[in-house]
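Participant: here you go, sequence then predicted model.
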Amino acid sequence: MELLILLLSLVGLLAIRVPVAFALLISSMLTFALLGLNPLVAVQRLSAGIDVFTLMAIPFFIFAGDLMTQTGIAARLIRVAEGLFGRSKGGLGHVNVGASMMFGAVSGSAVASVSAIGSTMIPIMEEKGYDRTFSVNVTCSAAILGLIIPPSHNMIIYAAASGISISIGDLFVAGILPGLLCGLALMVTISILAARRGYPKGDFPGVRPLILAAIGALPGLLTAVIIVVGILGGVFTPTESAAFAIVYTLIIGVFVYRTLGVTEFRAAVINSAKTTSMIMLIIGAAAAFGWLLALLEAPLMMSQLILGATDSPIVIVALVLLCLLVLGTFMDMAPLIIIVTPIFLPIMQGIGMDPVHFGIIMMLALGIGTITPPVGTVLFVASAVGKIPMEQAVKSMWPFYLALMICLFAVAYIPQISLLLVG
Amino acid sequence: MKPVLNGLSRMSLFISSVCIVAMTAIITYQVIARYVFNDSPAWSERLSLVLLAYLVFFGAAVGVHEKYHIRIDALRNAVPARLGWLFDILAHLAVAIAGLVMVFAGWQLTTTLWDFAIPALGIPRGVALLPIFLAGGLITLFSAAHLVDVVRKSSEEAA
């Protein structure tokens, strides 16, 4: 009964456009009161949900990504991608995917990727005769690669939510091959669509410009290498690696690229303060909500429901994937990670799945949720950047959804894709 | 009233911004101290975590004022204007109430934990919970102001 009220009040509050963080918090307060507990406990859980050492890496990764965006790295990455992929059929589509993958390695935020890559690529693609809808489709499906290509702050949320010790370094490494696989799948999709619609080939700028572009982008791309190697080598904790990435970005932004001035620094600070508080408040509120779910034995019910329906690991994985995809269409990624990890992770561990592997599955499944309506943050931003209605963007998205779904199932059922590189 | 609210919001954003920069400096110092001075400070992560609370709660208040918190527009935009107006009133009211609960809870937590010290830092644990009380007040204020705006807008339309 209380569980029903908790869930229904959440849905009702979300429906009347109460911000997600507050909807989670208020529905928790209400349920606490109904249970005869002090609603102030909800605030205490909120505070406790934020007061976590591991999560401190999140503001730093967001800040580093914002600073990197302010250096104008996107333009450099696009130049490299042009040199690598521009010549093929539908070249600019491939350039978009390539640039987004590289951007994922310096920022890890899909929303930042959509706005940084999209605002440059969508006008260029339109100029060369690409459909604007197609450009928006490519941009948002490519942007979610940033969620699985390291570094990714969502993986840190997952590690914190798991309640067991999962190495963030392992999670980062495990994301590399699935990220490349998805990039490849998107490029194949683009090639097929480009051949059908007669999209133009681009020009090869020549070896020398390519090398120059690569040298220009290298200091930025090194960020990901420094973070991953630093964590795996035990040089840094994940939090320290993220703080170091900020200092590193400042140094290359000011002295190497010379694009980072006081204005850009201020913009990055303000932007990251806003993004951090928004995400962390949602995480805290989701922690209060998840705490109540656990109190009301929702995880137990869910596992009885799934394990009662079947004992085949293949079907169990499929059911969990389905849940993740459906939930992902309605909710944002960060609160879902906090809420569903304690529910599904024990089930998956019960059938012998590695928690690192499940983390990657979750990133990809919920990542797809960010580009599906009715709630798809990345899709919204991409439509806004491309100046087309969201409905129009969705209509022609199906080849990209299909490609990403195939990758999701491959990643889910072939653990080696995630775990091969993990020591 | 508007300039006062904008001022409070700007001040909160300033607090939030200072915190994120200070946290970066502290954790960077921690790395340098470990490798250069061969000494890992015990206070750095604790202090950084206290600043995180200020960063998050003051930033959250700014988000209420500037309306940048993630919310779901789909249904609100699909319903008729009058029903949407009602939705807006209820939504702002709900956030204002949440803000009020934060004020009470924040005050209670702050005062209860004032006598306990944060390990390695020596300052009262209440210091880390004070931002809930302060930002709760701001959230109530900002949301109440939006509420007044919505109600007034409609009465003007009706007139």
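Facilitator: Yes, it's here. What you see is a predicted model; the values in this text were computed from it and never measured.
Participant: in chain B, which ranges drop under the pLDDT threshold?
Facilitator: Along chain B, segments meeting pLDDT under 70 span B:155-159.
Participant: for chain A, what's its nearest residue on it.
Facilitator: B:Gly59 (2.4 Å; Cβ to the nearest Cβ). Where C-beta positions appear, they are placed from N, C-alpha and C, glycine not excepted.
Participant: so that residue makes contact with A:Ala273?
Facilitator: Yes. B:Gly59 lies in contact with A:Ala273 (Cβ atoms under 8 Å); the separation is 5.3 Å.
Participant: helices along chain B, start to end?
Facilitator: B:2-35, B:44-66, B:74-78, B:81-112, B:126-158 (DSSP state H).
Participant: distance to A:Val97 added to those, as JSON lines?
Facilitator: Output for the helices of chain B, formatted as JSON lines (distance: least, Cβ to Cβ, whole Å):
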{"stretch": "helix B:2-35", "distance to A:Val97": "32"}
{"stretch": "helix B:44-66", "distance to A:Val97": "33"}
{"stretch": "helix B:74-78", "distance to A:Val97": "29"}
{"stretch": "helix B:81-112", "distance to A:Val97": "38"}
{"stretch": "helix B:126-158", "distance to A:Val97": "41"}
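Participant: what's the most buried one of those helices?
Facilitator: helix B:44-66 (a mean of 25; mean count of other Cβ atoms under 10 Å in any protein chain shown).
Participant: for that one, packing partners?
Facilitator: helix A:40-50, helix A:262-295, helix B:2-35, helix B:126-158 (3 or more Cβ pairs under 8 Å, 6 or more residues apart in numbering or on different chains; DSSP states H and E).
Participant: same thing but 10 Å
Facilitator: Applying 3 or more Cβ pairs under 10 Å, 6 or more residues apart in numbering or on different chains; DSSP states H and E, one finds that helix B:44-66 makes contact with helix A:20-34, helix A:40-50, helix A:57-70, helix A:238-251, helix A:262-295, helix B:2-35, helix B:81-112, helix B:126-158.
Participant: A:Asn96: which of the ones you listed is closest?
Facilitator: For the helices and strands packed on helix B:44-66, proximity to A:Asn96 was assessed by Cβ to Cβ; helix A:57-70 is nearest, at 16.5 Å.
Participant: which ones are touching the residue of chain A found nearest chain B?
Facilitator: Chain B sits closest to A:Ser277 of chain A, with a gap of 2.4 Å, by Cβ to the nearest Cβ. By Cβ atoms under 10 Å, 6 or more residues apart in numbering or on different chains, A:Ser277 lies in contact with A:21, A:50, A:59, B:12-13, B:16, B:19-20, B:52, B:54-63, B:68-69, B:135.
Participant: grab the nearest non-local neighbour of residue 92.
Facilitator: As the question left the chain open, I've gone with chain A. Once flanking residues are discounted, A:Leu92 sits nearest to A:Met125: 4.8 Å by Cβ to Cβ, 6 or more residues apart in numbering or on different chains.
Participant: correction: the question concerned chain B.
Facilitator: Take B:His92 and drop its neighbours on the chain: the residue closest to it by Cβ to Cβ, 6+ apart is B:Leu147, 4.1 Å away.
Participant: tell me the spacing between that neighbour and B:Ile89.
Facilitator: 7 Å (Cβ to Cβ, to the nearest Å).
Participant: what about the residue nearest to A:Leu92, how many residues nearby?
Facilitator: 26 (other Cβ atoms under 10 Å in any protein chain shown).
Participant: residues touching it, list them.
Facilitator: A:90-93, A:95-96, A:118, A:131-132, A:134-136, A:138-139, A:199, A:386.
Participant: return the residues in contact with the residue nearest in space to the middle of chain B.
Facilitator: In chain B, the C-alpha nearest the mean C-alpha coordinate belongs to B:Phe57, at 2.6 Å (Cα atoms, centre = their mean). By Cβ under 10 Å, 6+ apart, B:Phe57 lies in contact with A:46-47, A:50, A:277, A:280-281, A:284, B:12, B:15-16, B:102, B:106, B:129-136, B:138-139.
Participant: then B:Val95?
Facilitator: Applying Cβ under 10 Å, 6+ apart, the residues near B:Val95 are A:13, A:18-19, A:21-23, A:25-26, B:64, B:69, B:139-140, B:142-144, B:146-147.
Participant: measure it to A:Leu336 for me?
Facilitator: 21 Å.
Participant: all strands for chain A, in order.
Facilitator: Remark: strands of chain A are absent; assignment by DSSP state E.
Participant: buried members of the contacts of A:Met125 into PyMOL, please.
Facilitator: The buried residues among the contacts of A:Met125 can be selected in PyMOL (16 or more other Cβ atoms under 10 Å in any protein chain shown) with this line:
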select buried, chain A and resi 90+91+92+93+95+96+118+131+132+134+135+136+138+139+199+386
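Participant: how about the contacts of A:Met125, which pair is most distant?
Facilitator: Pairwise distances across the contacts of A:Met125 (Cβ to Cβ) peak at 18.9 Å, for the pair A:Gly91 and A:Gly386.
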